[in-house]
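A.B. asks: structure, please.
(2 chains)
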Amino acid sequence: GQNIDQPTEMTATEGAIVQINCTYQTSGFNGLFWYQQHAGEAPTFLSYNVLDGLEEKGRFSSFLSRSKGYSYLLLKELQMKDSASYLCAVRNGGATNKLIFGTGTLLAVQP
Amino acid sequence: EAGVTQFPSHSVIEKGQTVTLRCDPISGHDNLYWYRRVMGKEIKFLLHFVKESKQDESGMPNNRFLAERTGGTYSTLKVQPAELEDSGVYFCASSLLGPLNSPLHFGNGTRLTVT
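C.D. replies: Okay, here's the model as predicted:
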């Protein structure tokens, strides 16, 4: 079966660093995406990993270990506007290359 | 560049009625996907178009759901007749054909409430 697990909720302090973990078990793998979604809005693309290692993009970094079926999203210098849901999604290959989503992690950034 | 647009943003209908959701993808995006999020659960795949052809409709719940993409531009998703369990947020997403790292660009979704 297909399974993607993330913590349901996390809380962090403005200016701090937070790591959101994602583990996956899927029938195929063609890359892992992280999306950010504010309430009532569209999910917006943050990062993509297909090879093992760390991808850095400004305050956000994403890590992938394919052998462990594991990824994390690292957010540095947290800002209040980073309060949102963070979605981990695996592209499972095959003819459609569709994304399979986890339930998302709701991050609350506090002053 | 305009993003993915969906219409309507909200729809409240009674059980047994029909609703049609519309999605306009980003211009030039041949891939078009429909997803649904039911409250408290993950975003789930419904189906995938490449241009006007259905590539994968394995996620469609049942034959009350009909999706079309005539001409390979905008797409519609019709629910007929609607049931209570169809309530949720329906997202449309589009992407370029080809590159595996091409992300899906999502619309704001249509919030469907069936009463």
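A.B. asks: what does chain B put close to chain A?
C.D. replies: For chain B, the residues in contact with chain A (CB under 8 Å from any CB of the partner chain) are B:3-4, B:33, B:35, B:40-45, B:48, B:55-56, B:59, B:91, B:100-101, B:103-109. Just so you know, the C-beta spots here come from the backbone N, C-alpha and C atoms, and that holds for glycine as well.
A.B. asks: and the average pLDDT for stretch B:88-102 is what?
C.D. replies: The predicted model gives stretch B:88-102 an average pLDDT of 89.
A.B. asks: so how far is it off the chain centroid?
C.D. replies: 11 Å (CA atoms, centre = their mean, to the nearest Å).
A.B. asks: of the residues of chain B next to chain A, buried ones?
C.D. replies: By neighbour count, with 16 or more other CB atoms under 10 Å in any protein chain shown, these hold B:4, B:33, B:35, B:42-45, B:48, B:55-56, B:59, B:91, B:103-109 as buried.
A.B. asks: now do the strands in the chain.
C.D. replies: No chain was given, so I picked chain A. Assigned by DSSP state E, the strands in chain A fall at A:3-5, A:9-13, A:18-25, A:32-37, A:44-49, A:53-57, A:60-65, A:70-75, A:84-91, A:99-101, A:105-110.
A.B. asks: my question was about chain B
C.D. replies: Counting by DSSP E, the strands of chain B are B:5-7, B:10-13, B:19-24, B:31-37, B:43-50, B:53-56, B:65-68, B:75-79, B:88-95, B:105-106, B:110-114.
A.B. asks: can I get these in JSON lines including distance to residue A:10?
C.D. replies: Shown next, in JSON lines, are those (distance: least, CB to CB, whole Å):
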{"stretch": "strand B:5-7", "distance to residue A:10": "29"}
{"stretch": "strand B:10-13", "distance to residue A:10": "29"}
{"stretch": "strand B:19-24", "distance to residue A:10": "32"}
{"stretch": "strand B:31-37", "distance to residue A:10": "20"}
{"stretch": "strand B:43-50", "distance to residue A:10": "19"}
{"stretch": "strand B:53-56", "distance to residue A:10": "33"}
{"stretch": "strand B:65-68", "distance to residue A:10": "35"}
{"stretch": "strand B:75-79", "distance to residue A:10": "33"}
{"stretch": "strand B:88-95", "distance to residue A:10": "22"}
{"stretch": "strand B:105-106", "distance to residue A:10": "22"}
{"stretch": "strand B:110-114", "distance to residue A:10": "25"}
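A.B. asks: among those strands, which is nearest residue A:92?
C.D. replies: Residue A:92 sits nearest to strand B:43-50 of all the strands of chain B, at 9.5 Å, using CB to CB.
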